[in-house]
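# Coordinates for the following, if possible.
(chains A and B)
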Amino acid sequence: GQQVMQIPQYQHVQEGEDFTTYCNSSTTLSNIQWYKQRPGGHPVFLIQLVKSGEVKKQKRLTFQFGEAKKNSSLHITATQTTDVGTYFCAGQNTGNQFYFGTGTSLTVIP
Amino acid sequence: DTGVSQDPRHKITKRGQNVTFRCDPISEHNRLYWYRQTLGQGPEFLTYFQNEAQLEKSRLLSDRFSAERPKGSFSTLEIQRTEQGDSAMYLCASSARGLAGAYNEQFFGPGTRLTVL
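Numbers count the residues shown, from 1 in each chain, chains lettered A, B, ... in the order given. So this is what the prediction gives:
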């Protein structure tokens, strides 16, 4: 069945360092979404990528969708304490189900 | 507050009891999703509705689980004969068709945390 894996599972960084999480799907995706979930909170939508090779930026966040539409990455430049949380990718296949990744938990040390 | 509400926020029940959760999506959203999330894991798709029609169900959804969206507005998720393994956060999300015709972001509710003793 469809699987979406994320690495790393946990990441601790010093404030100001960069952070990257990688998402890999076992099958080709029609699109991929990224969400952030704060401790005790619910997932909050960050962005959606649709096109092969697409790159989108939101301030310090850069999102990429692989050429084969099977992998994606989220890169945060110069992390801040407000970036703390778990980042999930969610891949949509040709159906309408979203398969969430296992998540990367980011801790930022001040 | 995303505009998606869920009730109750917490539910403690004994094994073997039935429980029902309610989700009120954002009013103009015609898609509604149910997910289950356990500690340290990502949300796991359970089912989704487009208006009142239940279009997909996860193979992981046993026959003890049933969901309805009778008038295409609020939805209920019922778990019969609860088991300890059902303990989890149950999340509801809604989405609307974007300008390009595709469904974009999902707006999640706060979730219902179920504990089965």
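# buried residues in the helix or strand bottoming out on mean pLDDT in chain B?
Every helix and strand in chain B was compared by mean pLDDT, DSSP states H and E; the lowest is strand B:53-57, with a mean of 86. Across strand B:53-57, burial judged by 16 or more other C-beta atoms under 10 Å in any protein chain shown covers B:Gln54, B:Lys57. C-beta here means a position set from N, CA and C on the backbone, and glycine is covered the same way.
# what's it packed up against?
Helices and strands touching strand B:53-57, by 3 or more C-beta pairs under 8 Å, 6 or more residues apart in numbering or on different chains; DSSP states H and E, are strand B:44-50.
# Give me the contacts around the strand it packs on.
Strand B:44-50 is touched from outside by A:96-100, B:30-38, B:54-58, B:60-61, B:65, B:67, B:69, B:72, B:75, B:77, with contacts defined as C-beta atoms under 8 Å, 6 or more residues apart in numbering or on different chains.
# Residue 38: how many residues sit nearby?
Here I'm looking at chain A. 12 (other C-beta atoms under 10 Å in any protein chain shown).
# actually chain B
The burial count for B:Thr38: 12, using other C-beta under 10 Å.
# swap in the one 3 residues further on?
Neighbourhood size, B:Gln41 [other C-beta under 10 Å]: 15.
# which element is the residue most central in space within chain B on?
For chain B, the residue nearest the mean C-alpha position is B:Trp34 (2.8 Å; C-alpha atoms, centre = their mean). Using DSSP states H and E, B:Trp34 sits in strand B:31-37.
# That strand pairs with which strands, parallel or anti?
In the sheet, strand B:31-37 lines up against strand B:44-50 (antiparallel), strand B:88-95 (antiparallel) (DSSP bridges).
# Can you tell me which of these has the worst average pLDDT?
Of all those, mean pLDDT reaches its minimum on strand B:44-50 (a mean of 92).
# Convert that one to CSV, retaining C-alpha atoms only.
Listed in CSV are the C-alpha atoms of strand B:44-50, where the atom choice follows Å, rounded to 0.1, in the frame of the first residue of the first chain:
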residue,chain,number,x,y,z
GLU,B,44,-4.2,8.4,9.4
PHE,B,45,-6.9,8.8,6.9
LEU,B,46,-10.2,7.1,7.9
THR,B,47,-12.9,8.4,5.4
TYR,B,48,-14.1,11.4,3.5
PHE,B,49,-17.3,12.9,2.3
GLN,B,50,-18.1,15.1,-0.6
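# what residues are up against the residue nearest to the centre of chain B?
Residues counted as contacts of B:Trp34 (C-beta under 8 Å, 6+ apart) are B:Cys23, B:Leu46, B:Thr47, B:Tyr48, B:Ala67, B:Ser75, B:Leu77, B:Tyr90, B:Leu91, B:Cys92.
# roughly how far is the least confident helix or strand of chain B from the heart of the chain?
Put simply, strand B:53-57 sits 12 Å off its chain's centre (C-alpha atoms, centre = their mean, to the nearest Å).
# what does stretch A:94-110 give?
For stretch A:94-110 - counting by C-alpha atoms, centre = their mean - the centre lies 5 Å from the chain centre.
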